[in-house]
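In: Sequence first, then the predicted structure, then my questions.
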Amino acid sequence: MQRRIDVGVLGATGMVGQQFVLQLAAHPWFRLVWVGASERSAGQRYGDAAPWRLPVTPPEAIANLTVEPARPGNAPELVFSAMDASVAGEIEQAFAKAGHVVVSNSRNHRMDADVPLLVPEINTDHVALLETQRARRGWGGSIVTNPNCSTVFLSMALAALKPFGIESVLVTTLQALSGAGYPGVASLDAVGNVVPFIDGEEPKIESETRKILGTLENGQVTPHPMAVSAQATRVAVVNGHTESIAVSLASRPPIDEVREAFGRFTGAPQRHGLPTAPLQPLLYLPESNRPQPRLDVDRDGGMTVSIGRLRTCPVLGYKFFALGHNTVRGAAGAAVLNAELLVAEGVLAAPVQG
Ligand code: NAP
């Protein structure tokens, strides 16, 4: 028996917020007791306020929670954030100032020099940025972030290749509709179509990837020197961002070694045996027509990134596809894994054994 840690979710009514509810519903360490959203939803029963769009319904106890306004006061110490980026920046700061540990999914603070931008398999050491954050901001709490959804999958694939010396990267994303929130892209724009523009997405992929793979020294992260060029498209897929990636590697390894590097890739979540950690963060699929969102997106609860079609590229040397679940590994699952890491690293108190 163990007493779980009470947690809250800001932006609980949105697409990512709903995914948080499912991730937390049966979590062995965390117990969802508080849900917050905009004034439009505040005061309503969660089950009535959330335009539920996931195939599994929320547990009755959570559906019966009353949605709170997004103000610090009665929320638990640990709050996850899935708020619209137009409001997340200031609200997250207010919560951190009031002593909350905010594990955020929103873009607002990701590139702040003193905010860890974490993918626990890659850069657990960046948790140490919290010391800089505490010293600079004087908050009682803190903010930790996870990357943009497309960045998570790209950075995980690249982290496996980092020992070969990454020089430059070209990535084209084919991003699912659920990545645009709800109601998202109008059906007349989405069905039978490809939209070659997602506002703000390409700069995020390019800068966040370099920060995640960067080096922490003397309390600051020096971005990885590789060049990253991204093109983002929206496609008529419900869940799962596919990425076409080409990469130049300084040591020019044989293609078999590159394939093996994907299979060998693990990190702190697997070492610690964290509850949300996939057994295999990157799974190489040998079939010539994989990965596909419909067949592969839910692997290991949506936490595994599928890789396929690795081959030589006459331009950059190597090319392959990657696929990940945008609202799970790219959002709510990523944040829950970050919070588990904070417990494992002693930043948050562990659940009490009874
Ligand atoms: P969404 O479906 O539009 O949900 C937005 C959430 O923000 C809702 O809960 C909404 O509450 C809340 N909100 C809006 N205005 C607010 C206010 N003034 N105060 C407090 N809460 C407010 O969006 P989403 O797709 O879940 O995305 C949420 C965040 O995660 C965004 O920052 C997004 O960039 C990021 N993200 C999304 C994905 C993805 O795949 N969808 C992946 C990675 C990161 P109401 O229902 O009350 O309006």
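Out: Happy to help now that I have it.
In: any idea how far Glu92 is from the single nearest residue of the stretch 51-200 of the chain relative to the ligand?
Out: Closest approach between the stretch 51-200 of the chain and the ligand, counting by Cβ to the nearest ligand atom: Gly181, at 3.0 Å. Placement of C-beta: from N, CA and C, glycine included. Counting by Cβ to Cβ, to the nearest Å, the gap from Gly181 to Glu92 is 17 Å.
In: okay, the two: which has more neighbours?
Out: Glu92 (26 against 16; other Cβ atoms under 10 Å).
In: give me the element that one is part of.
Out: For Glu92, the host element (DSSP states H and E) is helix 85-97.
In: CA atoms only for that helix, dumped as PDB, please.
Out: Taking Å, rounded to 0.1, in the frame of the first residue of the first chain, the C-alpha atoms of helix 85-97 are listed here in PDB:
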ATOM      1  CA  ALA A  85      -0.500  29.000 -24.900                       C
ATOM      2  CA  SER A  86      -2.200  32.400 -25.100                       C
ATOM      3  CA  VAL A  87      -2.700  32.300 -21.300                       C
ATOM      4  CA  ALA A  88      -0.300  29.600 -20.000                       C
ATOM      5  CA  GLY A  89       2.700  31.800 -19.500                       C
ATOM      6  CA  GLU A  90       1.400  34.100 -16.800                       C
ATOM      7  CA  ILE A  91      -0.800  31.500 -15.100                       C
ATOM      8  CA  GLU A  92       2.100  29.000 -14.800                       C
ATOM      9  CA  GLN A  93       4.300  31.700 -13.300                       C
ATOM     10  CA  ALA A  94       1.600  32.600 -10.800                       C
ATOM     11  CA  PHE A  95       1.400  29.000  -9.700                       C
ATOM     12  CA  ALA A  96       5.200  28.600  -9.400                       C
ATOM     13  CA  LYS A  97       5.400  31.900  -7.400                       C
END
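In: residues of that helix that come out buried?
Out: For helix 85-97, burial by neighbour count (16 or more other Cβ atoms under 10 Å) applies to Ala88, Gly89, Ile91, Glu92, Gln93, Phe95, Ala96.
In: State the helix or strand in which the closest residue to the fifth one other than its chain neighbours lies.
Out: In other words, Gln93. Nearest non-adjacent residue to Gln93, counting by Cβ to Cβ, 6 or more residues apart in numbering: Ile143, 7.4 Å away. With secondary structure defined by DSSP H and E, Ile143 is part of strand 142-145.
In: And the contacts of that strand?
Out: 92-93, 96, 101-106, 109-110, 112, 115-118, 127, 130, 133-134, 338, 342, 347 (Cβ atoms under 8 Å, 6 or more residues apart in numbering).
In: that older thread, quick check: which of the buried residues of helix 85-97 are also close to the ligand?
Out: Near the ligand, judged by Cβ under 6 Å from any ligand atom, the entries from the buried residues of helix 85-97 are Ala88.
In: and the buried residues of helix 85-97 as JSON lines, adding pLDDT?
Out: JSON lines is the format used below for the buried residues of helix 85-97 (pLDDT from 0 to 100):
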{"residue": "Ala88", "pLDDT": "98"}
{"residue": "Gly89", "pLDDT": "98"}
{"residue": "Ile91", "pLDDT": "98"}
{"residue": "Glu92", "pLDDT": "98"}
{"residue": "Gln93", "pLDDT": "98"}
{"residue": "Phe95", "pLDDT": "98"}
{"residue": "Ala96", "pLDDT": "98"}
